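In: Below: sequence and its predicted model.
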Amino acid sequence: MKKNAALQNFRFFALLALCLLLVTLNTACSRTPGSDKPRGEISITITNGGDPVPEGQVDLVNEETGEGGGGPLDESGTATIEMVAVGNYTVTVNPPPEEPIAPGMDQPAAQPKEYPNIPNKVRKIQTSPLTVDVQSGTNEFSFDLKEIQ
């Protein structure tokens, strides 16, 4: 009887130790580097001559910290990006990625779609004149690419 009780106690304490270990690991591993930095949500509206740019991708890069973010443009030309670390960012705007072609399938060669409403200058970090200063809370920015041409 004593042997059975000792075995039950051992199992109980082993299970308790395992639970504590899992909780400790979960807490330690759930932290994302830089998650303690103040963050904001941003909304960026992209137009060209006042007309929304409804297709594309907006990306942000903070060249000092390496942080960034991005999001697709919706039909109103707006991209919303959450949890962006406070700081100064260069903004790039690019056409949406092309649809992949399934290998081994006979498909006509797709003609790449042109996006004249997104100037080449704003497609690269090195040449984009678009910048934002993200603060804590909600941030709203708008850029008219017609002025960039």
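Out: That came through, no problem.
In: Please count neighbours and contacts with C-alpha atoms only from this point.
Out: Will do.
In: Identify the residue spatially nearest to L130, adjacent ones excluded.
Out: V91 (5.2 Å; Cα to Cα, 6 or more residues apart in numbering).
In: Count the residues that sit near the one you found.
Out: 23 (other Cα atoms under 10 Å).
In: show me what contacts it?
Out: With contact set as Cα atoms under 8 Å, 6 or more residues apart in numbering, V91 has these partners: 58-61, 122, 125, 128-132.
In: Name the SS class of it, please.
Out: On the three-state scheme (DSSP: H, G, I helix; E, B strand; the rest coil), V91 is labelled strand.
In: Specify the beta-bridge partners of it.
Out: Bridge pairing for V91 (DSSP bridges) gives the partners L60.
In: Verify the stated contact: A79 with P52.
Out: No. Taking contacts as Cα atoms under 8 Å, A79 lies outside contact range of P52: 11.3 Å.
In: ok, now which ones touch I42?
Out: If you count contacts by Cα under 8 Å, 6+ apart, then I42 has 80-82, 84, 134, 138-141 around it.
In: what separates it from P103, distance-wise?
Out: From I42 across to P103, the span is 38 Å (Cα to Cα, to the nearest Å).
In: most neighbours, which of the contacts of I42?
Out: The residue in the contacts of I42 with the most neighbours, by other Cα under 10 Å, is V84 (22 neighbours).
In: If I look at it, what pLDDT would I see?
Out: Looking at V84, its pLDDT reads 96.
In: Let's see which of the contacts of V91 end up in helices.
Out: Judged by DSSP state H, the contacts of V91 include no members of helices.
In: are any of the residues you listed buried, and which?
Out: 58-61, 122, 125, 128, 130-132 (16 or more other Cα atoms under 10 Å).
In: Among the residues you listed, which one sits closest to P97?
Out: V58 (12.0 Å; Cα to Cα).
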